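Undergrad: Return atomic coordinates for the entry below.
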Amino acid sequence: MNDGNELLYPREQFYARERRSVPAARRFAAQSLRCWGLADWARAADMSLCVSELATNALLHGVPPGRGFLLRLRYDGEVLRMEVHDSGPGAPTPTERPEDTDEGGRGLLLIEALADKWGVCERELGKVVWAEFVTDALADVQLV
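TA: Sure thing, here's the model as predicted:
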């Protein structure tokens, strides 16, 4: 059971430039939600999809060979924030309208649609792509 102090600290995990890092990041996010008492949160699936998209984008566009990315999750009792830190250049932008035949280009559009806020900030080497979800934990968590 969470004693309340954990809400003040981020949970973070580093991932190598490997395909298996995306499902591992989703598992880590689900574990974090359980830790914070949000396992039954109504928006958990949306958050998981956004973790997958941010991790995939980092692997495809932001992580040079030999490097990895950091997934940081923070929850303050009202807002859950996810951040993916990578060492790649540039700031991602959503594709306005990918072609129906395009296999990619929808990740940031999904994040834009599902998260309450999202953005990109620079860091000394690379960038941080983040998304936030307002939890309204008392209304969203189903008590058993």
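Undergrad: P89 and G126 touch, don't they?
TA: Yes - using C-beta atoms under 8 Å, P89 is in contact with G126, at 7.2 Å. Backbone N, C-alpha and C define where each C-beta goes, glycine included.
Undergrad: which residue is nearest the middle of the protein?
TA: V51 (3.3 Å; C-alpha atoms, centre = their mean).
Undergrad: Next one: the closest residue to V63 other than its chain neighbours from S48, what distance?
TA: Closest residue to V63 apart from its sequence neighbours, by C-beta to C-beta, 6 or more residues apart in numbering: R17 at 4.7 Å. To S48, R17 is 21 Å away according to C-beta to C-beta, to the nearest Å.
Undergrad: what's the answer for R67, then?
TA: 24 Å.
Undergrad: How about E12?
TA: Remark: distance between E12 and S48 (C-beta to C-beta) = 17 Å.
Undergrad: quick one, strands of this structure?
TA: 11-16, 68-75, 79-86, 117-122, 127-134 (DSSP state E).
Undergrad: Tell me how many other residues crowd the residue nearest to F133 when sequence neighbours are not counted.
TA: Leaving aside its sequence neighbours, F133 sits nearest to L80 (C-beta to C-beta, 6+ apart; 4.7 Å). Other residues lying near L80 total 26 when counted by other C-beta atoms under 10 Å.
Undergrad: so what's L80 bridging to?
TA: Y75, F133 (DSSP bridges).
Undergrad: Please read off the pLDDT at it from the model.
TA: Here the pLDDT value assigned to L80 is 95.
Undergrad: got JSON lines for the strands of the chain, with distance to A58 too?
TA: Formatted as JSON lines, the strands of the chain follow (distance: least, C-beta to C-beta, whole Å):
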{"stretch": "strand 11-16", "distance to A58": "8"}
{"stretch": "strand 68-75", "distance to A58": "4"}
{"stretch": "strand 79-86", "distance to A58": "4"}
{"stretch": "strand 117-122", "distance to A58": "12"}
{"stretch": "strand 127-134", "distance to A58": "7"}
